[in-house]
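Participant: need coordinates for the following:
(one chain, ligands or ions: 1)
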Amino acid sequence: MNQGKSSGAPSVAPRVIVPDSLGPGVLTIQQHILHEQQRFPGASGEFSWLLSGITLAAKMIQAKVRRAGLTDILGAPSGEVNVQGEVQQKLDVYSNEVLIHCLKVRESVGVLASEENEEAVLVHQGCENAKYAVVFDPLDGSSNIDVNVSVGTTFSVLRRPAGASLDDPERWVLQAGTEQVAAGYVVYGSSTMLVYSVGNGVHGFTLDPAVGAFILSHPNMRMPPKGAYYSVNEAKASGFPEPYQRYLQRLRSGALGDYSSRYIGSMVADFHRTLLRGGLFLYPPTASHLSGKLRLLYEANPIAFLAEQAGGIALDGERRVLEICPDNVHQRTPLVTGSIEEMYDFMKFMGLRL
Ligand code: P6P
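Facilitator: Below is the predicted model:
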């Protein structure tokens, strides 16, 4: 439209199109969550308010992770050991405190459970309208912090079970992964990305440090039907059950095509590659962890939820991870997840029903 004044022609005010986002095609995670929230009938914005607690915590954690080498926050405080028997890194402690702080001020949250806490934590004592429990690993792969390797935060959101009282916090979190209403992770890598799902596909947001906003960068993420990588700790292979050892031999043999082995030892980063590039991520039972090393509630379940939402498969080696009924907060499980072609081949090789 010509906005200029011609001789005598009245000037015409420019027709301003107000984008409903930061600009053409730019969508922040808050706007995306509000849109997704519409899928929850009767939700009064408390769900999106809950998720905004996670995005705020993620920004605070990433600010510390990005500066870990510059401030005296590297390494472990006085050799503290967490409930897992793992030496707590200072960033573990900080990340856990940030997530608890950001979430406990959300009235809709009744219970929090963390890898770093022995038991599920009841928050909002007596707040009857608390509807959700949030389970998280504040800094997964934290042993990699000191060597500047990607680490991550994982989270899982569960509805309060019918009849669950505020004085039984564990009941709020001891639910099968199929009950998750939302799950995701933050990967602190070359960029900081938050990947989440509320059961309507998987969506990735990259943090723009210039504006401090997570911007939609990977809408509707789909795991490729087949990949070129498999990800497992090869050093532990001799301790895997024999069928797993034979399956890895099958992958190395070229029977499914050429593969490269990629393993960072940080589940979130290893899965993020699998989600984007396809292939397999495996943590089988080992000689030192007969039930697997990864924790069901706050590592395997969020990952399995995303894998399935993105068109992949996630098993504990025998059954859907999401169908496991947990009996304790820190329960461990084996995990085999990835693209449908490799996973179907794995299931057939292991004699599982396709
Ligand atoms: P390993 C990190 O401690 C973690 O829980 C996951 O992030 C990672 O996949 C796994 O353990 C690595 O364990 O035995 O291969 O060093």
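
Participant: only C-alpha atoms for contact and neighbour calcs from this point on.
Facilitator: OK.

Participant: which parts of the protein sit against the ligand?
Facilitator: Asp140, Gly141, Asn233, Gly265, Ser266, Met267, Leu294 (C-alpha under 6 Å from any ligand atom).

Participant: off-centre distance for the helix or strand containing Trp172?
Facilitator: Here Trp172 sits within helix 169-173, counting by DSSP states H and E. Averaging C-alpha positions (C-alpha atoms, centre = their mean, to the nearest Å) puts helix 169-173 20 Å from its chain's average.

Participant: now it - C-alpha only, CSV.
Facilitator: Extracted in CSV, the C-alpha atoms of helix 169-173 (Å, rounded to 0.1, in the frame of the first residue of the first chain):
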residue,chain,number,x,y,z
PRO,A,169,2.9,-37.4,48.7
GLU,A,170,4.4,-40.6,47.3
ARG,A,171,1.0,-41.7,46.0
TRP,A,172,1.0,-38.6,43.8
VAL,A,173,4.2,-39.6,42.0
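
Participant: show residues contacting that helix.
Facilitator: Helix 169-173 is contacted by residues 111, 113, 119-122, 132-135, 158-161, 164, 297, 329 when judged by C-alpha atoms under 8 Å, 6 or more residues apart in numbering.

Participant: what's the answer for stretch 211-226, then?
Facilitator: Stretch 211-226 has contacts (C-alpha under 8 Å, 6+ apart) with 26-29, 59, 193-194, 201-208, 274-279, 307, 310-312, 338-342.

Participant: ends of it, how far apart?
Facilitator: One end of stretch 211-226 sits 36 Å from the other (C-alpha to C-alpha, to the nearest Å).

Participant: buried set for it?
Facilitator: Residues of stretch 211-226 classed as buried by neighbour count (16 or more other C-alpha atoms under 10 Å): Ala213, Phe214, Ile215, Leu216, Ser217, His218, Met221, Arg222, Met223, Pro224, Pro225, Lys226.

Participant: if I look at the last one, how far off is the ligand?
Facilitator: Separation of Lys226 from the ligand (C-alpha to the nearest ligand atom, to the nearest Å) stands at 21 Å.

Participant: which SSE is that residue in?
Facilitator: Using DSSP H and E, Lys226 falls within no helix or strand.

Participant: where do the helices sit along the stretch 101-250 of the chain?
Facilitator: 169-173, 242-253 (DSSP state H, counting those that start in this stretch).

Participant: out of those, which gets nearest to Met347?
Facilitator: Met347 lies closest, by C-alpha to C-alpha, to one member of the helices of the stretch 101-250 of the chain: helix 242-253, at 10.3 Å.

Participant: what residues of the closest one count as buried?
Facilitator: Tyr244, Leu248, Leu251, Arg252.

Participant: got the domain ranges for the protein?
Facilitator: 20-220, 229-350 (automatic domain parsing).

Participant: now do Val268, the pLDDT please.
Facilitator: pLDDT, Val268: 98.

Participant: tell me the SS of Lys348?
Facilitator: helix (DSSP: H, G, I helix; E, B strand; the rest coil).

Participant: follow-up on the earlier one: can you tell me which one of the residues of the chain next to the ligand sits lowest on pLDDT?
Facilitator: Among the residues of the chain next to the ligand, Gly141 has the weakest pLDDT, 93.
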